[in-house]
Each structure stands twice: as C-alpha cells, then as structure tokens.
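J.: Fold the following and give me the result.
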Amino acid sequence: MQGDPISGEFNYLRNSVKAVVDAYDGTISLYIVDDKDPIVQAYSAAFPGLYLSGDDVPTDLAAHFRYPDFLFDVQTSICRSYQVTDPVSLIQQGQSWVVSTQPQVKSEASGTSPMESQYMVTRLPGQDELEFVLQRSFVPGKAGSSAENARPELTAIMYARSDPGHYGELVVYRLESGEAIPAPDLVDSSIRKDSTISNFITPLDLQGSSVLFGNMVTVLVDNSIVYVRPLYIEAEGSSAVPELDKVIAVAGDRIAMADTLDEALLSIATGRAPVISDPGVAPPVETDTTDLDSLSVGELLSRAATSLDAADANDAAGGPAEESARLRSQAAEAISRVEELLGTGTGSTADQESGDA
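T.: Numbering: from 1, shown residues only. So this is what the prediction gives:
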C-alpha cells in the first residue's frame, strides 16, 4: 500500500478471525485464530456459535492462510520507532528506522513512496524449509521523515510468517552496523546506470517498446543480501502485454542480467559475464536487392514466404510497425511478379500479348 497506514482514523487492529466462504454453497465460516483478543472474546460470548475455534480449521485450509499485508504495514510503520528500547534514544529518534523507498517500474522513473510489503517464498536464516512470508525492509532515519532523506543503507528486514506452526510470528533481522549494504532504491539507481543494462534498454525505447522493471525482491542468503529484479518488455499498442525477458541479480557491487535467474545468480557468484540473448524484438530483415525479373517462380515464392514470416515474427516480438509493413510490401512485390510470370495477374504478360495480337 502507498503512504503511511497509521495516519488513518482507527485505533484498534487485530488479526483475530478468518472468514472462509464455501465456493459451492456460499456458507460462511468464521474461525478464531487469536483467542487472546478481548474484542473477539466479547463477540463470541454475545453470539454463541457464530465463531468456530481455530483448532477446527481444516489442515489444508490453514495452509493457505496469509498474514494480512495491511496489518503488517501498520506494524512495520510502528516498529520503525518502537524498535528502540532505550527511552532517551526513543525521544531523540536518533536510532529510528524508515521504510525503504519503492523502486519504480518504468525505466526512467524514480521512487518516492515507501516500499510495499511483499509476499514471497524463501528460506529464513537458520531454517531448513522454505516458507511463505511477508517482507518489508528498513533504512536508518528519523520517524516522520521520508526514505528520500534517509541514509540509503539497509538496516533491517522484517518478516511475518504464514505457514502452520509459525503463523503470525514476526521476525526482525538487524544488519550489522559496520556493513554498509545498499538500500533497494540505491540498488535500483545502480541497475539503471549499469552499462550492460542501459545498452540493452536504449534500443528498445527507440523502437517504441516499453521496458518495465518488476518488484525488487530482497533475499537473505546466509549472511549476505541478494537483490533480484525481473525485467519486462511491452510492445506498442493498447492490447500489448508485458513479457518477462531478463532477470537482474545484484550482490554487493556485482550486477548481472541474464535470461534466467539461475544464470544471473551464477554470474554474480562467479564473476563471469552471462551470455545474454537478443531482446524479444525481431531483428530487421535486410531488403533483398536482387532484381525480381531474374528470379524464378520458386525463388519468388520463397522470398515472399521469408518476408511474411519475418513480418509475423516482428509483430509477435513487438517490433516497429514500419518494419512489418516494409516486409509485407516486399512479399507483395514478389507475389505480384509470380502472377505476371504465371499470367494470372492484372496486366500480365499474357494479357499484353493478347492485346497486341
């Protein structure tokens, strides 16, 4: 969500009840997942039978419970100040946090709003299994200030766990103060300035395609931080759909862009440059300058088919409309010449000979 969630008009917020709707008959079941909430205790006493015990939640259903992102946004907004335990430091706000800035999706845009909470599947440090969590990161800064005015260094990451057995647990990982790890918005700036990435994006922008960055994902790997970000290409037109084309991985001062996540991670781990395929835009097909009059029917048909296939590939890849038009015009010329040779076109050689006779 955008903005400060604790600026709204409410003074009580709990994650106490899960409402489940049966998709077949519309039956609604209300399960209490926080029996220590005094409000739900009062409602449960006032309306016996309305609420079901959390112990009655089917196992398969409980596995799909998500920790609410709005509640997490509120908790992270409060935590940025009240994670300070020393009263003097709390008043002085010298050790406060600020939610890191949200990197923007457009290649030319910059972020100004707090980073949104992200659902993800990851393995938390010290855990053996992957689990479904909600995540948000912090940078140093006084409470009430924006992340734009904060130091662009990652200081902590907060997780809300959702899997059964750990549902509702909040975990905060504080990063060592002596280790300056760039914040997501600083990493975003480094990505945009990287020569390999900018050289990949610029031709696409000139061709009219839009380059969109996906959400920046922060991953804790043992004692290291790895940032992962997808890159999408969207062709021109109102019906165009962004397609995943590349994956960017960042660790420390290493930035790698590759066709797959595995290749990007391998590149930053080994320092070897990945092999990057051409972007999802069909390369221009050079005009065949061979005189049509010197080609046979078979050669003309082959040339027309090649030009039409190239035009279709250009359309599918979101290439310039002018290129597709040129290729189809080239195919039409070849087909017209075939008609002349076969005597089936308007003004063909056979018609002219008949007229001369």
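
J.: which one is residue 75 nearest to, not counting chain neighbours?
T.: residue 170 (6.8 Å; CB to CB, 6 or more residues apart in numbering). From N, CA and C alone the C-beta is placed, and that goes for glycine too.

J.: And for that neighbour, the neighbour number?
T.: 14 (other CB atoms under 10 Å).

J.: That one: what's it in contact with?
T.: 75, 158-161 (CB atoms under 8 Å, 6 or more residues apart in numbering).

J.: What residues are bridge-paired with it?
T.: Here residue 170 sits in beta bridges with residue 160, going by DSSP bridges.

J.: who wins for neighbours among the contacts of residue 170?
T.: Within those, residue 160 tops the neighbour count with 26 neighbours, counted by other CB under 10 Å.

J.: Show the contacting residues for it.
T.: Neighbouring residues of residue 160 by CB under 8 Å, 6+ apart: 67, 72, 75, 133-135, 168-171.

J.: And the residue nearest the centre of this protein?
T.: Centroid-nearest residue in the chain: residue 214, 2.5 Å away (criterion: CA atoms, centre = their mean).

J.: Surely that one and residue 228 touch.
T.: No: with contact defined as CB atoms under 8 Å, residue 214 does not reach residue 228; the gap is 9.1 Å.

J.: Can you name the two of the contacts of residue 170 that sit furthest apart?
T.: 75 and 161 (13.0 Å; CB to CB).

J.: Residue 25 and residue 57, how far apart?
T.: Using CB to CB, to the nearest Å, one gets 19 Å for the distance from residue 25 to residue 57.

J.: Okay, strands next: where are they in the stretch 151-300 of the chain?
T.: Ranges of strands in the stretch 151-300 of the chain, per DSSP state E, counting those that start in this stretch, are 156-161, 170-174, 210-213, 217-221, 224-234, 243-251, 254-258.

J.: Can you find the helix or strand in the protein with the smallest mean pLDDT?
T.: None of the helices or strands of the chain scores lower by mean pLDDT, DSSP states H and E than helix 349-356, at a mean of 40.

J.: Now do the contacts for the closest residue to residue 37 other than its chain neighbours.
T.: Distance criterion CB to CB, 6+ apart; nearest residue to residue 37, sequence neighbours excluded, is residue 16 at 4.1 Å. Listed by CB under 8 Å, 6+ apart, the contact set of residue 16 reads 32-34, 37, 39-40.

J.: Select from these the one having the most neighbours.
T.: Busiest of the contacts of residue 16 [other CB under 10 Å] is residue 32, holding 21 neighbours.

J.: Across the sheet, point out what pairs with that residue.
T.: According to DSSP bridges, beta-bridge pairing links residue 32 with residue 17, residue 53.

J.: That one contacts residue 55, correct?
T.: No: with contact defined as CB under 8 Å, residue 32 does not reach residue 55; the gap is 9.4 Å.

J.: still on that earlier bit, among the contacts of residue 170, find me the one that's closest to residue 86.
T.: Set against residue 86, the nearest of the contacts of residue 170 by CB to CB is residue 158 (19.8 Å).

J.: quick one, what contacts the closest one?
T.: So residue 158 contacts 75-76, 79, 135-138, 170-173 (CB under 8 Å, 6+ apart).

J.: Could you save the residues you listed as TSV and add columns showing distance to residue 246 and pLDDT?
T.: Formatted as TSV, these follow (distance: CB to CB, whole Å; pLDDT from 0 to 100):
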residue	distance to residue 246	pLDDT
75	34	90
76	30	90
79	35	85
135	23	94
136	26	92
137	23	91
138	29	89
170	34	93
171	32	92
172	32	91
173	29	90
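
J.: Buried members of those residues into ChimeraX, please.
T.: The ChimeraX selection below is limited to those of those classed as buried (16 or more other CB atoms under 10 Å):
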select :75,76,79,135,136,137,138,171
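
J.: Between the contacts of residue 158, which sits nearest residue 62?
T.: Out of these, the member with the shortest distance to residue 62 (by CB to CB) is residue 170, at 18.6 Å.

J.: residue ranges of the strands in the stretch 1-150 of the chain, please?
T.: Counting by DSSP E, counting those that start in this stretch, the strands of the stretch 1-150 of the chain are 17-21, 28-32, 51-53, 97-99, 118-122, 131-140.

J.: Mean neighbour count, those: which tops it?
T.: Greatest average neighbour count among the strands of the stretch 1-150 of the chain goes to strand 97-99 (a mean of 25), per mean count of other CB atoms under 10 Å.

J.: Turn the strands of the stretch 151-300 of the chain into a markdown table, columns for distance to residue 327.
T.: Formatted as a markdown table, the strands of the stretch 151-300 of the chain follow (distance: least, CB to CB, whole Å):
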| stretch | distance to residue 327 |
| --- | --- |
| strand 156-161 | 51 |
| strand 170-174 | 55 |
| strand 210-213 | 23 |
| strand 217-221 | 39 |
| strand 224-234 | 21 |
| strand 243-251 | 22 |
| strand 254-258 | 30 |
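
J.: so which of those strands comes closest to residue 115?
T.: Residue 115 sits nearest to strand 217-221 of all those, at 9.1 Å, using CB to CB.

J.: how about that closest one as PDB, C-alpha atoms only?
T.: Coordinates of each C-alpha in strand 217-221 appear next as PDB, following Å, rounded to 0.1, in the frame of the first residue of the first chain:
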ATOM      1  CA  VAL A 217      13.000  -8.700  -4.100                       C
ATOM      2  CA  THR A 218      15.400  -8.700  -1.200                       C
ATOM      3  CA  VAL A 219      16.700 -12.200  -0.400                       C
ATOM      4  CA  LEU A 220      18.700 -13.200   2.700                       C
ATOM      5  CA  VAL A 221      21.200 -15.800   1.700                       C
END
